[in-house]
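**Student:** Sequence and predicted structure below; questions after.
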Amino acid sequence: DVDRAALLASRADALFGPVAEPLIRIVDTASPAGLAYVYDVTESPAGLMLDARTVPMQMSTGARAMQCRLRTPLPGTVASQVSLDLLQLASPDIPAYAERREAVTNPDGSHTWVLLLESHDIITTALTSNGVRQFSRDIRSSGAVAKLNEMIIGVADVSPDWDCTSY
């Protein structure tokens, strides 16, 4: 997972240029449109900034796709929560890898765990007070890492500032 995320992030760097020293990098490894998304949160004098980029999941010659980039400040409440989350993610109690399973509620109210054979992975790299930590989660996961991912991706999802061009 981490290697695939690094490959996708290097594609984003090749297409758009590198992002200097992100505090958080989230790589959404799949989308229905055949694109992956790389979300970087960086520090600037104005506060925390979000730099999001789309990259093709497969690099093939002659294929046309949309290149999109978003650069926007994180809203104050989100930036504050990100700072708190980075402190929490430093804890060794938060596992790097979350199992790929889903709870299914049975008719009697009990739960059965179903192994996810094909998962939609979100890889998060965070610069915490205990150094760099990497986390791998399925998009349906819950917990501190998943909440951080959802919050940052949510900012990008509602932003009108995406700049897209076809190549």
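**Tutor:** Received, thanks. Numbers count the residues shown, from 1 in each chain.
**Student:** Run through this protein and note the low-pLDDT ranges.
**Tutor:** Scanning the chain for pLDDT under 70 picks out 58-65, 98-102, 114-119, 166-167.
**Student:** Let me see the backbone angles for the spatially most central residue of the chain.
**Tutor:** Nearest residue to the geometric centre of the chain (CA atoms, centre = their mean): I26, 2.6 Å. Here is the backbone geometry of I26 (degrees, to the nearest 10): phi -120, psi 130.
**Student:** That one pairs with what?
**Tutor:** Here I26 sits in beta bridges with Y39, T124, going by DSSP bridges.
**Student:** Looks like it contacts M151 (just checking).
**Tutor:** No. Look at I26 against M151 with CB atoms under 8 Å: they stay out of range, at 10.2 Å. The way it works is simple: take the backbone N, C-alpha and C, and place the C-beta from them, glycine included.
**Student:** neighbours of V82, just the number please.
**Tutor:** 20 (other CB atoms under 10 Å).
**Student:** circling back to that earlier point, ok, the residue nearest to the centre of the chain to H111 distance?
**Tutor:** Distance, I26 to H111, by CB to CB, to the nearest Å: 29 Å.
**Student:** which residues touch the residue lying farthest from the centre of the chain?
**Tutor:** Distance from the C-alpha centroid of the chain peaks at D108, with 35.9 Å (CA atoms, centre = their mean). By CB atoms under 8 Å, 6 or more residues apart in numbering, the contact list for D108 is empty.
**Student:** what about it, which SS state?
**Tutor:** coil (DSSP: H, G, I helix; E, B strand; the rest coil).
**Student:** For it, what are phi and psi?
**Tutor:** phi -90, psi 0.
**Student:** Would you map the strands across the chain?
**Tutor:** Secondary structure of the chain, counting by DSSP state E: strands at 24-28, 35-44, 47-56, 66-73, 101-105, 111-115, 121-128, 131-138, 163-166.
**Student:** now those as a markdown table including distance to L87?
**Tutor:** Below are the strands of the chain laid out as a markdown table (distance: least, CB to CB, whole Å):
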| stretch | distance to L87 |
| --- | --- |
| strand 24-28 | 13 |
| strand 35-44 | 15 |
| strand 47-56 | 14 |
| strand 66-73 | 21 |
| strand 101-105 | 28 |
| strand 111-115 | 31 |
| strand 121-128 | 7 |
| strand 131-138 | 12 |
| strand 163-166 | 33 |
